[in-house]
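Visitor: below: sequence and its predicted model.
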Amino acid sequence: MDILAELNPAQREAVEAIGGPVLILAGPGSGKTRVITHRVAYLIKVCRVNPRRIMAVTFTNKAAREMEARLEQLVSGSVGNITLGTFHAICARILRQDGKAINVSPRFVIYDAADQLSLIKRGMQEINIDPKQYAPAAVASVISAAKSQLLTPVDYVKQGHSYFEEIVSRTYERYQQLLEESNALDFDDLLMKAVRLFNKSPEVLSKYQSRYLHILVDEFQDTNTVQYELVKQLAGKHRNICVVGDPDQSIYSWRSADLRNILSFEKDYPDAKVVILEQNYRSTKMILDTASSVISANEQRKPKELWTDNETGEPVRVVETYTEQEEARFVVSEIERLVDLGESRLGDCAVMYRTNAQSRVIEEAFIRYGTPYKLVAGTRFYERREIKDVIAYFRLIHNPQDVVSLLRIINIPGRGIGQQTLAKLSEWAKSLGISQMEALQLLVEAKEREEIPEHSFSARTVRALTDFWNLMDGLSTSSRVLDLVALFDLVVGASGYQQYIQGGPDGEERWENILELRSVAREYQDLNPPEGLTAFLEKVSLVSDVDSLDETTDRVTLITLHQAKGLEFPIVFIVGMEERLLPHFRSFDDLAQMEEERRLCYVGITRAKRQVYLVYAFRRTLMGSSAVNQPSRFLDDIPRHLVSSPSWWQEGDRQVTEAIYSWNGNSYAGPPDSEPAVVAGKEAVPELKAGDHVKHAHFGPGVVVSCKDVNDDCEVVVAFDGQGVKRLLLSLAGLEKVD
């Protein structure tokens, strides 16, 4: 009974429901981990279940470690006998013990993503498929998806229709042969072969079904087809299966997670007991109501009514900025303001965004103002491999003596220049007392005279080395006449780097990061070619060299919305709340994907304990292109009474008024808690057009940039002297036309 003492009625119901299938729908911050660990402890201490007969499955090693630590406090001494871990770890254990029934040696090795990609590329070459024409990463992704659906190479052949699918099926077949020859399994094989083992060997399946009396699965909304099948097999005898999850937090379809698993659980188990955990212990009422208003528009969900005994809290703050730079400055200045007022620590704050590429501008702002931060589950923008590679090309163009950059890119993309060749090149250059680039130039000149020393390099190696020198010489010549953006495009194209990066692991995301670097280059496009390159390299070097930030835990967290799942912070900033970013443009033509984008926004909002800021920019340059984006449609779902707009925020030595915010189609201006002003109509305000000079009571003189009709009003964009560009409603702004 002590185990149940700390639980609320719903949590207690979930813990005590020990017979048959159980579905626990756990809202964010509802004590999900507490329920799982207390349920295991209840089985052991109250129901007297042998710990050896309990299996608890998690999705990450971190979650498994946390569960193990909590269980150690509840059932000290019994934890070691519980089968506790990730799907992959548990399946690897099963295959090592009993995989011989399907010819899986217990000495198999596990290939990671890099090993997998290398083997797929090798397999493609062996069956005469050009890896340059069909990206190995794309093929690997399709093969992984096929395995998650339990499709063998033979099964996949039957489903293929297009020529690309034929390429994949041939590669898939050869790839599996190479895995077997290497006595290796990839991550997908661990799950797929465990299911196959149970299908092929009833004796083995019976052994595990008899052993595990109770099975618990966390984050069930993130399971894919093969994982769900595995769970059903293991629970087939006793049917004591307890799954915990939240359809509203399913955000991993790109990893083959199938939302239908949790939505259809009651169809597969008609006698399932359903327990809904709706009491939230994390967030204020305002935050929960905001999150509920955003997610309620989704159709693929199981309704929940989140509630809390926590305080009402402050309204969610929606902030419009003009550009992504202003967005980043607002975030930094607001965090510093909160810290200065003693309302929070740096470590209390998290900045979340939809794509990794957005972090560049945010990181630069934190570095510029000396505000400590940490990038979670990722690499700092200028330390990412693809960014360092492209910058190395520019550094070598700028300074041919830069041997570090030379060695980094001379064989990226692959040119057949190995370590032995590089060692020989280094020795030759050293014997001549020249740089390696100068040695390459001598090699080019000697080749033209057909005077290559026999002891230096083979003909193939000479061709590879001289081709590289000719590439860099051409780029160096172009750098003296092209603007920086044109040079950028030439470098990533002529070097083959664009094709190389897009065809590799996470190619699309890495290419987006390169396009974000191109956005930095645009800042120097108008400078004369040599000056632009020098200024660009100086900036990126200064940013990337700032590694002495405060190493204590009191730092602001920068994190993607996907990575933030499962975490919590007192204060959350979600930036980029715009159409085409959140929701992402790839979801516009797919209702299911759009619902997942909405779930992603919901996850971000529910990470917060005390305060949420939803920030968007009027104009944004991202991944090499600049555009005016509409505020996110998700903002329109938030009722007016849940929202406030900070009327002032600090930017350096000046204060900027946020003059217009929009939700539910109603625009208003004024202090945070004011009601929307009555729209007076166009007849009560001056007629304005682009180019007109105006005066504002606070901003002072300015020039109209554009005018646009909005319902029964007019939206005016004005460039104010010394105050920047502001977007206002004409009926509310009080603008005075000046001759």
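Guide: Thanks, I have the structure now.
Visitor: so what's A146 up against?
Guide: Neighbour list for A146: 155-156, 168, 172 [criterion: C-beta atoms under 8 Å, 6 or more residues apart in numbering]. (Glycine included, C-beta is placed from N, CA and C.)
Visitor: low-confidence ranges in the stretch 151-300 of the chain?
Guide: 160 (pLDDT under 70).
Visitor: where do the strands sit along it?
Guide: Remark: strands assigned in the stretch 151-300 of the chain by DSSP state E, counting those that start in this stretch are 184-186, 214-217, 241-245, 273-277.
Visitor: returning to that earlier point: filter the contacts of A146 down to the buried ones, PyMOL style.
Guide: Typed into PyMOL, the line below selects the buried ones among the contacts of A146, using 16 or more other C-beta atoms under 10 Å:
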select buried, resi 156+168+172
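Visitor: take the contacts of A146 and lay them out in TSV including distance to P701.
Guide: Listed next are those as TSV, based on distance: C-beta to C-beta, whole Å:
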residue	distance to P701
D155	71
Y156	68
V168	63
Y172	67
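Visitor: from the contacts of A146, which is closest to S162?
Guide: V168 (9.2 Å; C-beta to C-beta).
Visitor: export the strands of the stretch 151-300 of the chain as a markdown table, with columns for mean neighbour count and distance to V703.
Guide: Shown next, in a markdown table, are the strands of the stretch 151-300 of the chain (neighbours: other C-beta atoms under 10 Å; distance: least, C-beta to C-beta, whole Å):
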| stretch | mean neighbour count | distance to V703 |
| --- | --- | --- |
| strand 184-186 | 21 | 61 |
| strand 214-217 | 24 | 61 |
| strand 241-245 | 26 | 55 |
| strand 273-277 | 19 | 56 |
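Visitor: redo these as a markdown table? Include distance to L482.
Guide: Shown next, in a markdown table, are the strands of the stretch 151-300 of the chain (distance: least, C-beta to C-beta, whole Å):
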| stretch | distance to L482 |
| --- | --- |
| strand 184-186 | 44 |
| strand 214-217 | 57 |
| strand 241-245 | 54 |
| strand 273-277 | 60 |
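Visitor: quick one: closest of these to G532.
Guide: With C-beta to C-beta as the yardstick, what comes closest out of the strands of the stretch 151-300 of the chain is strand 184-186 (45.2 Å).
Visitor: and the contacts of A146, which two are furthest apart?
Guide: Top of the distance list for the contacts of A146 (C-beta to C-beta): D155 and V168, 12.4 Å.
Visitor: so F634 sits in a helix?
Guide: Yes: with DSSP: H, G, I helix; E, B strand; the rest coil as the criterion, F634 is part of a helix.
Visitor: just the contacts of A146: which are in helices?
Guide: 155-156, 168, 172 (DSSP state H).
Visitor: so who does Y616 touch?
Guide: Contacts of Y616 by C-beta under 8 Å, 6+ apart are 318-321, 327, 575-578, 629, 631-632, 635.
Visitor: can you pick the most crowded of the residues you listed?
Guide: Highest neighbour count within those, by other C-beta atoms under 10 Å: V575, with 28 neighbours.
Visitor: next, the contact list for that one, please.
Guide: V575 touches 327-328, 331, 351-353, 358, 362, 615-616, counting by C-beta under 8 Å, 6+ apart.
Visitor: got the phi and psi for L527?
Guide: With angles defined as degrees, to the nearest 10, L527 sits at phi -80, psi 150.
Visitor: and the closest residue to it other than its chain neighbours, how far from L622?
Guide: Of all residues not flanking L527 in the chain, A535 sits nearest, at 6.2 Å (C-beta to C-beta, 6 or more residues apart in numbering). Between A535 and L622 the distance is 21 Å, computed by C-beta to C-beta, to the nearest Å.
Visitor: can you list the contacts of V575 in a markdown table and add secondary structure?
Guide: Shown next, in a markdown table, are these (three-state DSSP):
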| residue | secondary structure |
| --- | --- |
| E327 | helix |
| A328 | helix |
| V331 | helix |
| V351 | strand |
| M352 | strand |
| Y353 | strand |
| Q358 | helix |
| I362 | helix |
| V615 | strand |
| Y616 | strand |
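Visitor: mind checking which of A535 and L622 has more residues around it?
Guide: Per other C-beta under 10 Å, whichever of A535 and L622 has more neighbours is L622, with 23 against 14.
Visitor: tell me the backbone dihedrals of the more buried one, please.
Guide: Taking degrees, to the nearest 10 as the convention, L622 sits at phi -140, psi 130.
Visitor: which stretches of the stretch 1-150 of the chain have low pLDDT?
Guide: 1, 114.
Visitor: one more time with 50
Guide: Of all residues in the stretch 1-150 of the chain, none has pLDDT under 50.
Visitor: so which helix or strand takes in L150?
Guide: Using DSSP states H and E, L150 maps to neither a helix nor a strand.
Visitor: I'd say it and M192 touch.
Guide: Yes: at 6.2 Å, L150 counts as touching M192 under the criterion of C-beta atoms under 8 Å.
Visitor: ok, M594 - contacts?
Guide: Here M594 is in contact with 583, 587-588 (C-beta under 8 Å, 6+ apart).
Visitor: what helix or strand is it on?
Guide: Going by DSSP H and E, M594 is in helix 591-605.
Visitor: hey, where'd the helices end up in the stretch 151-300 of the chain?
Guide: For the stretch 151-300 of the chain, the helices defined by DSSP state H, counting those that start in this stretch occupy 153-159, 163-181, 187-200, 202-211, 225-234, 260-263, 265-268, 285-295.
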